[in-house]
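J.: I would like to see how this sequence folds:
(one chain, ligands or ions: 1)
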Amino acid sequence: MVDTNTRSKELFDRAQQSIPGGVNSPVRAFRGVGGTPIFIEKAKGAYLYDADGKQYIDYINSWGPMILGHAYESVVNAIREKVLGSTSFGAPTELEIEMAELIKSMAPNVDLVRMVSSGTEACMSAIRLARGYTGRNKFIKFEGCYHGHADAFLVKAGSGVATFNIQTVPGVPAGVSGDTLTAPYNDIEAVEKLVQENKGEIAAIIIEPVAGNMGCILPKPGFHEALRAICDREGILYIFDEVMTGFRLARGGAQERLGINADLVTYGKVIGGGMPVGAFGGKREIMEHIAPVGNVYQAGTLSGNPIAMIAGYTMLKELNDNPNIYTELDEKTEYLKKGLNEVLRTAGTPYVINQLGSMISVHFSEKPVTDFTSASTANNALFNKFFHAMLNRGIYLAPSAFETWFLCNALSKADIDRTVTMAAESLKEIL
Ligand code: HOZ
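T.: You can find the predicted model right below:
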């Protein structure tokens, strides 16, 4: 295939002169899959356009938030109008109340919600709150789950840390990560053991309810119920990291879709419609430990930023008012899964497709992929070839086997048919 990424290559060379590794977030550098990242110029609906003028069908969707597609008209118009009234005040606004009320009306178990500026901040703050509320220091996370890059979370983390096979992160003091306990995803016995060994010391269990940072990994039936029961028995807070799943898997996110109640929930980029936003929320009794009501300190000048709020509010309102969007997204993703199943079966290579709602991923594996070990022992070298073959054919997948693909509702049946045809061609080329 002729290489037409001339402009992206030039930009990448230039970027490396002034940005570490040429990127502002590691996975997008393509080091996991090899090659040069493509530089994006703009996007509309289901399509990305790169600096060389090539069009791609987008299966990253800004790593989740573009549920309705890029540059969605009502979101763009709302931002355009709002920006004329200034971009930041650092003072309360009515719009923040409307946003909080909307989130509360959509998400279960959220009595109070505090806006922040990223998913990392949301998870970091939720853990601090859980520690402050329970008076305990330790928490449990799952291998391959990623809760942002705050120190305490960079232990057996997924996403970029997994992509680059970073075992220990220099700069994270042992004193900070020492209170982070880890268990394999879907392994309730391992959690039970940790709880017994650290009786009365665990503040929280934090989990991606459907994991999205080691590819897409589904919770086994009964896993969340068992974790919920352990938390109730031991006075541990159950934290759902819904940075990817929130408002994507259902109006009420994974809590609603899986029928599980969390004590605290964290949100990220989705609730800003792609703007830099996060939030954490939960039961009033817990949330009132946050300053200025309580003494668990947490703050941010850009928290509740008006432009981020109007973008997120407009997108969430659209989702809230049109619940059929979730049915359509499910149908589209299942249609994609059916098509991929056919071409992968025909290609004859072992594979696993994990999917729930509009989250889906392909692992080239002979056995079920249910945790980080099974995700990392899959044939990820083959995934990397598949990624490039698809990219060359105008299909933009996440540049790592340790990431989930996200669908947006702007995708048409013809786009999905094209994706499946390109997958068949790609497999023919690489196998
Ligand atoms: N680790 C992020 C997704 N799970 C990647 C974000 C980015 O590079 O933009």
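J.: contacts, neighbours, all on C-alpha from now
T.: Fine.
J.: How about the residues of the protein by the ligand?
T.: Within the chain, the positions adjacent to the ligand are 25-28, 63, 159-160, 213 by Cα under 6 Å from any ligand atom.
J.: If any of those residues are buried, put those into a PyMOL selection.
T.: Only the buried entries of those go into this PyMOL selection, using 16 or more other Cα atoms under 10 Å:
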select buried, resi 26+27+28+63+159+160+213
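J.: least trustworthy position among the residues of the chain next to the ligand, going by pLDDT?
T.: Confidence by pLDDT is poorest for Ser159 among the residues of the chain next to the ligand, given 84.
J.: Leaving aside the residues adjacent along the chain, what's closest to that one?
T.: Nearest in space to Ser159, with sequence neighbours left out and distances taken as Cα to Cα, 6 or more residues apart in numbering, is Asn213 at 4.6 Å.
J.: In contact with the one you found: list those residues for me.
T.: Asn213 makes contact with 144-146, 158-159, 402-404 under the criterion Cα atoms under 8 Å, 6 or more residues apart in numbering.
J.: ok, back up a step: reformat the residues of the chain next to the ligand as a markdown table; add secondary structure.
T.: Listed next are the residues of the chain next to the ligand as a markdown table, based on DSSP: H, G, I helix; E, B strand; the rest coil:
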| residue | secondary structure |
| --- | --- |
| Ser25 | coil |
| Pro26 | helix |
| Val27 | helix |
| Arg28 | helix |
| Trp63 | coil |
| Ser159 | coil |
| Gly160 | helix |
| Asn213 | coil |
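J.: Out of the residues of the chain next to the ligand, which is nearest to Gly304?
T.: Using Cα to Cα, Trp63 is the member of the residues of the chain next to the ligand that lies nearest Gly304, at 21.4 Å.
J.: Need the per-residue pLDDT for the residue lying closest to Ala211 once chain neighbours are set aside.
T.: Once flanking residues are discounted, Ala211 sits nearest to Ile217: 5.0 Å by Cα to Cα, 6+ apart. Looking at Ile217, its pLDDT reads 98.
J.: Surely Ile217 is in contact with Val369?
T.: Yes: look at Ile217 against Val369 with Cα atoms under 8 Å: they come within range, at 6.9 Å.
J.: Pull up the overlap in contacts between those two.
T.: Asn354.
J.: More neighbours: which of the two?
T.: Neighbours per residue (other Cα atoms under 10 Å) separate Ile217 from Val369, with Ile217 holding more: 31 against 25.
J.: quick one, helices of the stretch 151-300 of the chain?
T.: 160-163, 174-177, 188-197, 223-234, 253-258, 284-287 (DSSP state H, counting those that start in this stretch).
J.: deepest of those, which one?
T.: When the helices of the stretch 151-300 of the chain are scored by mean count of other Cα atoms under 10 Å, the highest mean neighbour count falls to helix 160-163 (a mean of 23).
J.: The residue in the stretch 251-400 of the chain that the ligand sits nearest to: neighbouring residues, count only.
T.: Residue nearest to the ligand within the stretch 251-400 of the chain: Ala398 (8.6 Å; Cα to the nearest ligand atom). A count of nearby residues for Ala398, using other Cα under 10 Å, gives 25.
J.: List the contacts of the residue nearest to it when sequence neighbours are not counted.
T.: Distances taken as Cα to Cα, 6+ apart place Ile60 nearest to Ala398, at 5.7 Å, with adjacent residues excluded. The contact partners of Ile60, taken as Cα under 8 Å, 6+ apart, are 396-398, 404-407.
J.: ok, the residue in the stretch 201-350 of the chain that the ligand sits nearest to to Ala157 distance?
T.: For the stretch 201-350 of the chain, the residue closest to the ligand is Asn213, as judged by Cα to the nearest ligand atom, at 5.5 Å. Using Cα to Cα, to the nearest Å, Asn213 is found at 8 Å from Ala157.
J.: Find residues that contact each of those two.
T.: Contacts common to Asn213 and Ala157, judged by Cα under 8 Å, 6+ apart, are 144-146.
J.: List the ones among the residues you listed that fall in strands.
T.: Secondary-structure check on these using DSSP state E: no residue lies within strands.
J.: and the residue of the stretch 151-300 of the chain nearest the ligand?
T.: Ser159 (5.0 Å).
J.: for that residue, phi and psi?
T.: phi 60, psi -130 (degrees, to the nearest 10).
J.: can you pull the contacts of Val296?
T.: Shown in contact with Val296 (Cα under 8 Å, 6+ apart): 128-129, 132, 289-290.
J.: hmm, back to that, which residues touch the residue nearest to Ala211?
T.: Ile217 neighbours (Cα under 8 Å, 6+ apart): 210-211, 354-355, 369-371.
J.: distance of it from Ile230?
T.: 22 Å.
J.: For the helix ranked longest in the chain, give the mean pLDDT please.
T.: If each helix of the chain is counted by residues according to DSSP state H, the longest one is helix 324-347. Helix 324-347 carries an average pLDDT of 98.
J.: and it, how far out from the chain's middle?
T.: 20 Å (Cα atoms, centre = their mean, to the nearest Å).
J.: packing partners for that helix?
T.: Judged by 3 or more Cα pairs under 8 Å, 6 or more residues apart in numbering; DSSP states H and E, helix 324-347 is in contact with strand 352-356, strand 359-363, helix 413-430.
J.: other SSEs contacting the last one?
T.: Pointing back at helix 413-430 there. helix 324-347, helix 380-392.
J.: do the same with the first one
T.: Counting contacts by 3+ Cα pairs under 8 Å, 6+ apart, strand 352-356 packs against helix 324-347, strand 359-363.
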